[in-house]
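# Sequence first, predicted coordinates after that:
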Amino acid sequence: MTDITIIGAGICGSLIAHRLSKTDLRVLVLEKESDVAEGATGANSAMVHSGHDPKPGTLKCRYNLRGNELYPDLCKELQTAYVPIGAFVAAGSPEEETVLDKLIAQCEERRVPYEVLSGEQARELEPNLADRISKVLSLPSTGIVTPFEVTIAAMEEAMLNGVELKLNYEVKKIERRDDHFLINDEIETKLIVNCAGAHCDDITEMLRESPYHVETRKGEYFVLDHLNGSFVKHVIYPVPSAKGKGVLAVPTVHGNVMLGPNSDFAANRDDDATGDGLDFVRSEISSTMKNIPFNRMIHTFAGLRPHIDLNDFYIREDEQIPDFIHVAGIESPGLTGAPAIAEDVCDNIILPKFEYHRKEDYIRRKAFINMEKMSEEQINELIRKDPSFGRIVCRCEKISEGQIRDVIRRKCGARTIKGVKMRCRPGMGRCQGGFCEPEVLKILAEELHEDVRDIELDRKGSAVLISNAKEEL
Ligand SMILES: Cc1cc2nc3c(=O)[nH]c(=O)nc-3n(C[C@H](O)[C@H](O)[C@H](O)COP(=O)(O)OP(=O)(O)OC[C@H]3O[C@@H](n4cnc5c(N)ncnc54)[C@H](O)[C@@H]3O)c2cc1C
């Protein structure tokens, strides 16, 4: 019997699995999609918020502040990128300045580092800030990460240390037995952690009437090509409104810029199509920015915030069903809060229920091979050892065959074209995979010992090789 089963392999489920993998407990993660980070974690603003704006006294506020503290070390541990880029909250009217003043008071109370700048001072640092901006709250402790990289790395390291991941495994039925649960009539487990994002209430309903109801709020984005700081260097927020943090300009770890998101209730929980929301993003962004290079747009996407009617995160052991743990309603700032959520849920709720030992021979993962960051000498050495690193498959992002093979061969390795793209970036560039996708598919088929003609699409349309798609990793 498994000790702990985690339902959902987003950032929360993966970081909880990662923390538990440091013990000798038996941990299983069940994910309905063909990869990790396929829910909200795969499509968001990628920001580690400073903690300046969540409502006082909420779990969102508590976990945001602690998560911001934990991220730099977590990313060092997982060998993933963390960039302390800093943010500006930009006000351009007396009403907006009043909201900004409230945020400044919150920073003071919460000890969030900040500085107040005039419009002119801010424009010296960010020349494309709109002329109307008169006052700016600068937040140096804001960071950016690549959310799917953190999630994949956490799951890879968890699996290196014995955690089992089942992909393409949808939880459809849970029964409570005397001292354990039975999932889908086949998996026995002592404890369940419900990290199912937009479907948390469906999971709870399998055992009892859910104390919360999930609706998803869609956020749509434009992605601009590599501008490497020439358009914007910090994250730029407008002042927040009842609908959230507003439309942002966010530089990414890889030098692109994201413009978005809007915040509208989605037609259904899984509706992540882009549409009219992009018109809203286009008009709203001009309230904080000017000279916006829309001609450098290479991609659009949408993410879904799992919003619950209680308006806060819902994180606790169920009041009626012992050993059933809710990690629900994890909308923004859930990416930021996730390391703190994992810390609290593991150390204060799960681990006190078990007898366990900490692993002494814990295995660390190695970072993905990033040739962009290597010197010429290091690259030549790599190619000498393995010539496949000398063959460029993705010309836009300059990704070699060797890098693609590496991300497939690892624990929690890529099994789909999108999975390869998320791990090492072929298809993320200007051509959006037009040139390299067939080549990536060929390499995937070779690595997985499949016939390239033998493919089918997964639920989200990312090509999967049939037999391996169903296989446990
Ligand atoms: C537009 C947008 C912008 C955001 N920006 C930020 C930001 O900049 N900073 C920040 O801190 N937060 C941000 N967030 C919030 C953040 O992305 C989420 O809070 C976080 O990713 C939630 O992670 P999770 O693991 O709880 O859920 P998810 O990532 O949604 O994972 C849930 C997983 O459960 C799986 N699942 C569901 N049902 C089942 C089932 N029956 N069986 C098996 N598996 C199942 C799903 O497939 C999914 O993989 C943003 C969110 C959105 C949508």
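Sure thing, it's come through. Remember, it's a predicted structure, so these values are computed and weren't measured experimentally.

# what about the helices in the chain?
Read by DSSP state H, the chain holds these helices, from start to end of the chain: 11-20, 59-78, 94-110, 119-125, 147-160, 200-205, 277-284, 334-344, 376-385, 401-409, 417-424, 437-447, 466-470.

# mind checking which of these is nearest the ligand?
When those are compared for distance to the ligand using CB to the nearest ligand atom, the nearest one is helix 334-344, at 2.0 Å. Quick note: C-beta positions are derived from backbone N, CA and C, even for glycine.

# which residues does the closest residue in space to L382 that isn't next to it in sequence contact?
When the adjacent residues along the chain are set aside, L382 lies closest to F389, with 4.6 Å between them (CB to CB, 6 or more residues apart in numbering). Residues in contact with F389 (CB atoms under 8 Å, 6 or more residues apart in numbering) are 369, 371, 379, 382-383, 400-403.

# ok, H357 - how many residues close by?
In terms of burial, H357 registers 8 neighbours under the definition other CB atoms under 10 Å.

# Which residue is the nearest non-sequential neighbour of it?
With sequence-adjacent residues excluded and distances taken as CB to CB, 6+ apart, H357 is closest to D24, at 4.9 Å.

# and what of S34?
Here the nearest residue to S34 in space, its sequence neighbours aside, is D458; by CB to CB, 6+ apart that works out to 4.1 Å.

# quick one: the one you found from the ligand, how far?
For D458, the distance to the ligand (CB to the nearest ligand atom, to the nearest Å) stands at 11 Å.

# And for N44?
Counting by CB to the nearest ligand atom, the separation of N44 from the ligand is 3 Å.

# Near the ligand, which residues of the stretch 301-450 of the chain? Just list them.
The interface of the stretch 301-450 of the chain toward the ligand, taken as CB under 6 Å from any ligand atom, is made up of 303-306, 330-336.

# from memory S138 sits against G86, does it?
Yes. With contacts counted by CB atoms under 8 Å, S138 reaches G86, the gap being 6.6 Å.

# E96 against V239, yeah?
Yes. The pair E96 and V239 qualifies as a contact (CB under 8 Å) at a distance of 4.6 Å.

# neighbour count winner among the two?
Taking other CB under 10 Å, E96 and V239 do not tie; V239 has more neighbours (24 against 20).

# can you give me the strands for the stretch 201-350 of the chain?
If DSSP state E, counting those that start in this stretch is used as the criterion, the strands of the stretch 201-350 of the chain fall at 214-224, 235-238, 248-251, 257-260, 264-265, 297-308, 314-317, 324-328.

# how's the chain carved up into domains?
2-41+147-213+310-353, 87-140+216-300, 371-470 (automatic domain parsing).

# how deep is E372 tucked in, by neighbour count?
Under the neighbour criterion other CB under 10 Å, E372 is assigned a count of 11.

# Tell me the spacing between it and P387.
For E372, the distance to P387 under the criterion CB to CB, to the nearest Å works out to 19 Å.

# got it, and A90?
50 Å.

# between the two, who's got more neighbours?
A90 (28 against 12).

# Okay, the residue nearest to H357 and I4: tell me how far apart.
Summarising the geometry, the distance separating D24 from I4, computed by CB to CB, is 12 Å.

# Neighbour count: the two, which is higher?
Neighbours around D24 and I4, counted as other CB under 10 Å, are more numerous at I4. The numbers are 26 against 16.

# give the contact list for that one.
Residues in contact with I4, defined by CB under 8 Å, 6+ apart, are 20, 25-28, 189-193, 350.

# Could you do D131 as well?
D131 neighbours (CB under 8 Å, 6+ apart): 119, 290.

# cool, the one 3 residues further on as well?
Contacts of S134 were listed using CB under 8 Å, 6+ apart, and they are 91-93, 97, 118-119.

# circling back to that earlier point, just put the helices of the chain in a markdown table and tack on mean pLDDT.
As requested, the helices of the chain are arranged in a markdown table below (pLDDT from 0 to 100):
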| stretch | mean pLDDT |
| --- | --- |
| helix 11-20 | 98 |
| helix 59-78 | 98 |
| helix 94-110 | 97 |
| helix 119-125 | 98 |
| helix 147-160 | 98 |
| helix 200-205 | 98 |
| helix 277-284 | 95 |
| helix 334-344 | 98 |
| helix 376-385 | 96 |
| helix 401-409 | 98 |
| helix 417-424 | 96 |
| helix 437-447 | 94 |
| helix 466-470 | 60 |
